[in-house]
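1. mind folding the following:
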Amino acid sequence: MIEWNEKYMVGIDNIDRQHELLVDKINHLLEMHEKSEDLHVISTLFIGLIHYFTKHFEYEETIMRGCNYPGLERRKLEHKIFYNNLEKTKNDFINGEISSLGYIIDYIKLWVMDHIIIQDKKYANKSLLKVNT
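-> A predicted model of the protein is given here:
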């Protein structure tokens, strides 16, 4: 489980709320996976998580574009690669090619922590500077 705390906050209220909701969704998926809920429940949660990631990435990219963040194209590529990995894993799981989501949940957790703590703080700082000037 990921325990939400202030170190994950980037200082942009909407982004911080979205990140906290992402963490909640990841934790819920992990909890249901550990309880061995049925395939339909886990698939529905996984699809919902992927959908929320998509909306979140679109929102972040809008902010980055608005503050002329120089790393926007790289971030868009990172978002796309992560999304594609999630889609492939979701499909493999639904088709029975993966018996456990444990390793992909660990991948999601690690990626999200890097995404928030390192990457998002870079554009958040630039965005906040632009707003305050």
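2. buried residues in the biggest helix by length in the chain?
-> The longest helix of the chain (DSSP state H) is helix 39-66. Residues of helix 39-66 classed as buried by neighbour count (16 or more other CB atoms under 10 Å): 42, 45-46, 49-50, 52-53, 56-57, 60-61, 63-64. Heads up, the C-betas are built off the backbone N, CA and C, glycines and all.
3. out of those residues, the closest to residue 12 would be?
-> residue 63 (7.1 Å; CB to CB).
4. in this structure the closest one contacts residue 15, no?
-> Yes. Residue 63 lies in contact with residue 15 (CB atoms under 8 Å); the separation is 7.3 Å.
5. what about residue 73, neighbour count?
-> 11 (other CB atoms under 10 Å).
6. how close does it sit to residue 64?
-> 10 Å (CB to CB, to the nearest Å).
7. and residue 52, by the same measure?
-> 19 Å.
8. again, but for residue 56
-> According to CB to CB, residue 56 and residue 64 sit 13 Å apart.
9. what residues are up against residue 73?
-> If you count contacts by CB atoms under 8 Å, 6 or more residues apart in numbering, residue 73 has none.
10. mind checking how far it is from residue 119?
-> From residue 73 to residue 119 the distance is 14 Å (CB to CB).
11. can you check residue 57 too?
-> Residue 57 sits 12 Å away from residue 119, going by CB to CB.
12. residue 58 now?
-> Distance of residue 58 to residue 119, given as CB to CB: 16 Å.
13. pLDDT below threshold where in the protein?
-> 37, 99-100, 126-133 (pLDDT under 70).
14. what about the helices in it?
-> Secondary structure of the chain, counting by DSSP H: helices at 13-34, 39-66, 72-94, 102-114, 121-132.
15. that older thread, and the angle from the longest helix of the chain to helix 102-114?
-> 20 degrees (axes from the mean of the first three to the mean of the last three CA atoms, to 10 degrees).
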